[in-house]
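got a predicted model here, sequence first, then my questions.
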Amino acid sequence: MRPVLGDQEADLGQLLSSSGKKRQFGADELIFSEGESADNLPVVISGRVKMVHFLEPGKEVIIGIFDRGEMFAVPPVFDGKSYPSAAIAMEPTELLLIPRKRFLELIKTSPDFALAVIEWMCAMLREKTMTIQNLATASPDHRVAKVLLKLAEKEGDKFPVRIGLRRQDIAEMAGVTTETAIRVIRRFAERGLVRIDRGKVVLDSAAELAGITD
């Protein structure tokens, strides 16, 4: 997903930075709750955020993970409804919070921002469609491989790639139990598709792992 803050988007980044306020969150700190009024568009300045839906106490499904420069929770801020899921900082994180009124003004006055919002919506729709298809038809190996490749792509796709997420996070993104994700990743490591380095998954390339998802 195209970042809206960063050197490659200097003009747009400066415009957005002047349109909101910054706020810092600690690791595992709640940013907003499901059902809370969507008063601000959050953009990640640094750190990493996950949006989650809690199925029951102690069990959650990760809706999306957002990194430096990325905005999230766009639809509820656009239509004025409540946040459909909670957002939690996965590590020390700084956000830019743009008030909804200013967000709507920017869509009307900044073609670059309007295009970025449209691209975000399209990318999210494609991703959700693929996720539904994946959950409906794919094996656990296929699901976990898809998640690992997606995370590698978010890291810049410069190999080797070290996946910083916990097994629990990978499992929740893949729609499998943590135990299943651990077993699948262990099988991948035994086959040489990934490496385990100090408890984290490392991909030396995407080619062999991508074969599982074909």
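Thanks, I have the structure now.

phi and psi next, for the residue positioned nearest the centre of the chain.
For the chain, the residue nearest the mean C-alpha position is residue 65 (1.7 Å; C-alpha atoms, centre = their mean). When quoted as degrees, to the nearest 10, the phi and psi of residue 65 stand at phi -120, psi 130.

how many residues are close by the closest residue to it other than its chain neighbours?
Excluding its sequence neighbours, the residue lying closest to residue 65 (C-beta to C-beta, 6 or more residues apart in numbering) is residue 50, at 5.0 Å. To be clear about C-beta, it is placed using only N, CA and C from the backbone, and glycine gets the same treatment. Residue neighbour count, defined by other C-beta atoms under 10 Å, stands at 22 for residue 50.

just residue 126 next, same as before
10.

one more: residue 35?
Using other C-beta under 10 Å, residue 35 has 11 neighbouring residues.

now do the one 10 residues further on
When counting by other C-beta under 10 Å, one arrives at 17 neighbours for residue 45.

separation between it and residue 141?
36 Å (C-beta to C-beta, to the nearest Å).

bridged to the residue nearest to residue 65, which residues?
Beta-bridge pairing for residue 50 (DSSP bridges): residue 65, residue 88.

quick check, it in contact with residue 61.
No - contact between residue 50 and residue 61 fails when scored by C-beta atoms under 8 Å: they sit 10.3 Å apart.

show me how the protein divides into domains.
7-134, 139-213 (automatic domain parsing).

got those as CSV, with mean pLDDT columns?
Converted to CSV, the domains of the chain look like this (pLDDT from 0 to 100):
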stretch, mean pLDDT
domain 7-134, 89
domain 139-213, 86
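
and the strands in the protein?
With strands called from DSSP state E, the chain shows them at 21-25, 30-32, 40-46, 49-56, 59-66, 86-89, 93-99, 161-163, 195-197, 200-203.

nearest to residue 4, of these?
strand 40-46 (6.3 Å; C-beta to C-beta).

chain center to the closest one, what's the gap?
Centre-to-centre, strand 40-46 and its host chain are 12 Å apart (C-alpha atoms, centre = their mean, to the nearest Å).

what does it rub up against?
Contact partners of strand 40-46, identified using C-beta atoms under 8 Å, 6 or more residues apart in numbering, comprise 4-5, 16, 20, 22, 31-32, 49, 66-74, 77, 87, 92-100, 103.

got a list of what residue 188 touches?
Residue 188 neighbours (C-beta under 8 Å, 6+ apart): 141, 144, 145, 148, 194, 209.

helices of the chain, start to end?
Taking DSSP state H, the helices of the chain run over residues 10-17, 74-79, 100-109, 111-137, 140-154, 167-174, 178-190, 207-213.

could the ones you listed go into JSON lines alongside distance to residue 199?
Shown next, in JSON lines, are the helices of the chain (distance: least, C-beta to C-beta, whole Å):
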{"stretch": "helix 10-17", "distance to residue 199": "35"}
{"stretch": "helix 74-79", "distance to residue 199": "34"}
{"stretch": "helix 100-109", "distance to residue 199": "39"}
{"stretch": "helix 111-137", "distance to residue 199": "26"}
{"stretch": "helix 140-154", "distance to residue 199": "15"}
{"stretch": "helix 167-174", "distance to residue 199": "9"}
{"stretch": "helix 178-190", "distance to residue 199": "11"}
{"stretch": "helix 207-213", "distance to residue 199": "19"}
